[in-house]
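> based on what follows, work out the 3D shape:
(2 chains)
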There are 2 protein chains.
Amino acid sequence: MKTVGINGYGTIGKRVADAVRAQPDMEIAGVVKTSPDYVAEGAIEAGYDLYTVEGSADAFAGAGLEISGTVDELTTESDVIVDATPGGIGEQNAPQYAEQETKAIFQGAESDALVEQSFTARANYEEAVGADTVRVVSCNTTALGRLVAPLEEAYGIDQLRVTLVRRGGDPAQSGRGPIDDILPNPTTIPSHHGPDLETVFPELDVTTLGMKVPATHMHVHGFNVTLEEAPDEDEVLDLLDDQSRIFLVPTEAGIDGAGALKELAHDRGRPRGDIWENCLWENSLTVEGRDLYCFQAVHQESNVIPENVDAIRAMFDEAGKDESIAKTNEALGMGL
Amino acid sequence: MKTVGINGYGTIGKRVADAVRAQPDMEIAGVVKTSPDYVAEGAIEAGYDLYTVEGSADAFAGAGLEISGTVDELTTESDVIVDATPGGIGEQNAPQYAEQETKAIFQGAESDALVEQSFTARANYEEAVGADTVRVVSCNTTALGRLVAPLEEAYGIDQLRVTLVRRGGDPAQSGRGPIDDILPNPTTIPSHHGPDLETVFPELDVTTLGMKVPATHMHVHGFNVTLEEAPDEDEVLDLLDDQSRIFLVPTEAGIDGAGALKELAHDRGRPRGDIWENCLWENSLTVEGRDLYCFQAVHQESNVIPENVDAIRAMFDEAGKDESIAKTNEALGMGL
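Predicted coordinates:
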């Protein structure tokens, strides 16, 4: 049984906490919040012990929310900390985790240089075995890794080109844009996603183009890969259908975009309407010679959650790749 | 002096009318409206003779709008009709134009099979010389043609791949969507744009992926072309800078998307804020071996307007390609 502390109980942190608690071989020591808002109340209601940073305890007491201790105390009590603080804060926290000799998992907004290994379970689980610091790459990079790994293994990849049409913000991020605009973002090429994917696949030749649009539910990728050998379209579909974290959106389902996918997830009773899987439109998969094209949608709030769980098992060498992925999937209820 | 009738005075028709009237060698015989709405009033105010379809004259009279005659009468008075009716109606109108032996230009929503030649001035002006029926391809296809033509001439094209992030509707199309969604549209690959571009470049190997998003101002393309030889980035920039209908968006301008481009067009006094040029972000142009990448934005309401003007000169063999393009540009005030 591994004891896990969650530093940062926001979009990612609260989902990782629930996912870890659902595992048979893990438990939550507590979660860290910096302000006593509705999300902190939710943590208490969910039954998590609440920790906070130096100097914030009084604010929680004032709001009637019980605090169990500081981040340092949580770190001492935990076998591993999942740092889900805003980008850049993880880097500030890292020395303290190291000093307390507690393993730590960081999120995709931190730098690859901060950790021993950037991580996507399907692509490079083994590389993280025994590591003290791991970074779960961002939602887009995770989704690309899940799709690239089986294609690379089966056919070899000559060149990868992806246009990422990114949601402007999450539903609760009311201060973000754009409104009624399409932004090349950045206007320079490649976007950071290509180099980020190379932290997982060092040999990959990849170019990514990023855009930002007025949508909140999911990202959508226009995906093109030139394989080393021409694949058979039906074989590729079978291959992708076998990937436990890729949901092949059936043509007959009549799902036309991200909104319908979220509706499906809600109808299926998914917590918070989460979609942990890449959602790849079956009828978009098109082969032209060695070139393969498709569309996939990525739920930015939840698709890295299973990877955070698998990273824990890898770091403690508690299970092999397939065993961990299967365990995580079963505990979460993967499969739409 | 060629006399031009405009059948359909909507988004495209009213712009073509103004552009034709601005030419030294063309005049407008009249414009056709089917209903006496604010746009019809605008046509009268702009000084155009108003024509209408069989049976609609009374409605115009009731609204106090003077009607000069029917479509057939306008066709008789015109050397050429620019049919800017909604998609599919042009096909219904075509036999009448033919019967009256009046040349006709159709828009991109009609089928290539309807006409002698699909047309983009920069790409295949000469193919339309003397034709009786021409189709100006859609805004996206026109923009692709303008970019593909110089690249094809200078380097040869091995393969073209474009992800088109399309605005959901024009600003006045209040009934269209999506709201807060990103739709692969269609979910199948290729979108119609690839085959459409092949009506202008029959030899081109092109794959297009279409998406639709909640934006109204412009489309944005994520553009990738594999050239037959590796180009020099600065040479490509010079080549594109020489194209009169490509506006290289300067990095120092700080233009981050379609909204800022429209603001620029308004500030420059462009009629209706129109942008006839492809808007290609200078700092997006990236060369990796034989692969070239960039972003370009396309103003769906106006970028085909110059092509409608050039098509008229080509069909009457009134000017060569460069002469017509220069004349059209000068009369419009091309160049941002």
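
> for residue A:277, the count of nearby residues, please.
The number of residues packed around residue A:277, counting by other C-beta atoms under 10 Å in any protein chain shown, is 28. Yep, even glycine has a C-beta here, placed from its N, CA and C like the rest.

> phi, psi of the closest residue to it other than its chain neighbours?
In space, residue A:277 comes closest to residue A:247 once its chain neighbours are excluded; the distance is 4.0 Å by C-beta to C-beta, 6 or more residues apart in numbering or on different chains. Here the main-chain torsion angles of residue A:247 (degrees, to the nearest 10) amount to phi -100, psi 110.

> roughly how far does residue A:247 sit from residue A:281?
Distance of residue A:247 to residue A:281, computed by C-beta to C-beta, to the nearest Å: 10 Å.

> over to residue A:12?
In this structure, residue A:12 and residue A:281 are 26 Å apart, going by C-beta to C-beta.

> list the contacts for residue A:16?
With C-beta atoms under 8 Å, 6 or more residues apart in numbering or on different chains as the criterion, the residues that contact residue A:16 are A:6, A:82, A:84, A:305, A:308-309.

> helix or strand: which one has it?
In this assignment (DSSP states H and E), residue A:16 forms part of helix A:11-21.

> all helices of the stretch 51-200 of chain A, in order?
With DSSP state H, counting those that start in this stretch, the ranges of helices along the stretch 51-200 of chain A come out as A:57-62, A:71-77, A:89-99, A:121-124, A:139-155, A:193-198.

> just give me how far the helix or strand hosting residue A:294 sits from the chain centre.
Residue A:294 belongs to strand A:291-298 when assigned by DSSP H and E. Mean C-alpha position of strand A:291-298 versus that of the full chain (C-alpha atoms, centre = their mean, to the nearest Å) differs by 18 Å.

> list the pairing partners of it within its sheet, with orientation.
Each strand that pairs with strand A:291-298, with its direction, by DSSP bridges: strand A:219-227 (antiparallel), strand A:278-281 (antiparallel), strand A:286-288 (antiparallel).

> still on that earlier bit, may I see the helices of the stretch 51-200 of chain A organised as TSV, with mean pLDDT and distance to chain B added?
Rendered in TSV, the data for those read as follows (pLDDT from 0 to 100; distance: least, C-beta to the nearest C-beta, whole Å):
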stretch	mean pLDDT	distance to chain B
helix A:57-62	94	34
helix A:71-77	98	36
helix A:89-99	98	27
helix A:121-124	98	23
helix A:139-155	98	13
helix A:193-198	98	10
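
> can I get those in TSV with mean neighbour count?
Shown next, in TSV, are those (neighbours: other C-beta atoms under 10 Å in any protein chain shown):
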stretch	mean neighbour count
helix A:57-62	14
helix A:71-77	19
helix A:89-99	16
helix A:121-124	24
helix A:139-155	23
helix A:193-198	21
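
> distance to residue B:270 added to those helices, as a markdown table?
Conversion of those to a markdown table gives the following (distance: least, C-beta to C-beta, whole Å):
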| stretch | distance to residue B:270 |
| --- | --- |
| helix A:57-62 | 54 |
| helix A:71-77 | 56 |
| helix A:89-99 | 46 |
| helix A:121-124 | 49 |
| helix A:139-155 | 36 |
| helix A:193-198 | 35 |
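
> out of those helices, nearest to residue A:320?
Each of the helices of the stretch 51-200 of chain A was checked against residue A:320 via C-beta to C-beta, and the shortest separation belongs to helix A:121-124, namely 11.2 Å.

> who's in contact with the closest one?
Identification of contacts with helix A:121-124 by C-beta under 8 Å, 6+ apart yields A:117, A:145-146, A:148-150, A:200-201, A:243, A:245, A:306-307, A:310-311, A:314, A:321, A:324-325, A:328.

> of those residues, which belong to strands?
With strands taken from DSSP state E, the overlap with the contacts of helix A:121-124 comprises residue A:117.

> and residue B:166, which of the helices of the stretch 51-200 of chain A is closest to it?
Proximity to residue B:166 (C-beta to C-beta) singles out helix A:139-155 among the helices of the stretch 51-200 of chain A, at 21.0 Å.

> now for that closest one, which elements pack on it?
helix A:121-124, strand A:157-167, helix A:193-198, strand A:219-227, helix A:233-241, strand A:278-281, strand A:291-298 (3 or more C-beta pairs under 8 Å, 6 or more residues apart in numbering or on different chains; DSSP states H and E).

> try 6 Å this time
Helices and strands touching helix A:139-155, by 3 or more C-beta pairs under 6 Å, 6 or more residues apart in numbering or on different chains; DSSP states H and E, are helix A:121-124, helix A:193-198, strand A:291-298.

> residues near the closest residue to residue A:257 other than its chain neighbours, how many?
In space, and not counting its chain neighbours, residue A:257 is closest to residue B:183: 3.7 Å by C-beta to C-beta, 6+ apart. Residue B:183 is flanked by 25 other residues according to other C-beta under 10 Å.

> flag every residue of the stretch 101-250 of chain A that's near chain B.
Residues of the stretch 101-250 of chain A lying near chain B by C-beta under 6 Å from any C-beta of the partner chain: A:161, A:163, A:165, A:180-184, A:187-189, A:209, A:211, A:213-216, A:220, A:222, A:224.

> from one end of stretch A:183-191 to the other, what's the distance?
Taking C-alpha to C-alpha, to the nearest Å, the span from the opening residue of stretch A:183-191 to its closing residue is 13 Å.

> figure out how far it is from the centre of its chain.
Using C-alpha atoms, centre = their mean, the mean C-alpha position of stretch A:183-191 is found 22 Å from that of the whole chain.

> ok, back up a step: reformat the strands paired with strand A:291-298 as a markdown table; add mean pLDDT and mean neighbour count.
A markdown table is the format used below for the strands paired with strand A:291-298 (pLDDT from 0 to 100; neighbours: other C-beta atoms under 10 Å in any protein chain shown):
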| stretch | mean pLDDT | mean neighbour count |
| --- | --- | --- |
| strand A:219-227 | 98 | 25 |
| strand A:278-281 | 98 | 25 |
| strand A:286-288 | 98 | 18 |
